[in-house]
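# no FASTA, just this:
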């Protein structure tokens, strides 16, 4: 009877999936206010897989994942760490991130270099396939605008996809479900607007 009781208690206490959420990242820079499901974050706070990080008005947050991937969030942004694990000895890992809203800057780490490149970034209107890179995403004039800074990404929506292969290549998603616009070079003023949205200065 005692063994049955222990099993029942563990079944209630353990989260879905049968294991405690693993720590995934550290808040390395913070300007203003950021929170996750457990409360307010500070520089040095650890973030777990499954958590959602949300920034406030005028705020910025830089989050460094344990594989070296860095995500910077602009103001009023929300990033959900849908799943993250990294086992360098076994050369295994996965990172599935979802930006619910707001501007973001991603610089990839070791997971993006693993076989199959198992790092993805999703938004409500498109998914972004990452191939070892640095890129910005957010809303300037459209529901989603994407700018490539280094490497290569593929932006995919229900309407189609666009490959960004050279620095300063950009594409826009004009409406939810629409195909990304033809890839073109962003001019300096637009690049500056994008980067200012995630700048700590």
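Arrived safely, thanks for sending. Since this is a predicted model, take the numbers as computed values, not measurements.
# where in this structure is pLDDT low?
Scanning the chain for pLDDT under 70 picks out the ranges 1-21.
# repeat the analysis, applying 90 as the threshold.
1-23, 37-38, 87-93, 112-118, 130-132, 201 (pLDDT under 90).
# in the chain, which spans are helices?
2-13, 188-196 (DSSP state H).
# counting contacts, what elements does the shortest one pack onto?
Of the remaining helices and strands, those touching helix 188-196 by 3 or more Cβ pairs under 8 Å, 6 or more residues apart in numbering; DSSP states H and E are strand 134-138, strand 144-150. Just so you know, the C-beta spots here come from the backbone N, C-alpha and C atoms, and that holds for glycine as well.
# could you dump these into a markdown table and include distance to residue 89?
Listed next are the helices and strands packed on helix 188-196 as a markdown table, based on distance: least, Cβ to Cβ, whole Å:
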| stretch | distance to residue 89 |
| --- | --- |
| strand 134-138 | 26 |
| strand 144-150 | 27 |
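# got the ones you listed as TSV, with mean neighbour count and distance to residue 78 columns?
TSV is the format used below for these (neighbours: other Cβ atoms under 10 Å; distance: least, Cβ to Cβ, whole Å):
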stretch	mean neighbour count	distance to residue 78
strand 134-138	22	12
strand 144-150	22	14
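# tell me which of those lies nearest to residue 181.
The closest of the helices and strands packed on helix 188-196 to residue 181 is strand 144-150. By Cβ to Cβ, the value is 9.2 Å.
# kindly calculate the angle that that closest one makes with helix 188-196.
On the basis of axes from the mean of the first three to the mean of the last three Cα atoms, to 10 degrees, strand 144-150 is oriented at 90 degrees to helix 188-196.
# so what touches strand 144-150?
123, 125-126, 128, 133-139, 153, 155, 164-173, 180, 186, 191, 194 (Cβ atoms under 8 Å, 6 or more residues apart in numbering).
# give me the distance from that strand to the chain's centre.
13 Å (Cα atoms, centre = their mean, to the nearest Å).
# direction included, what does that strand pair against?
Strand 144-150 has its sheet partners listed here by DSSP bridges as strand 134-138 (antiparallel), strand 169-173 (antiparallel).
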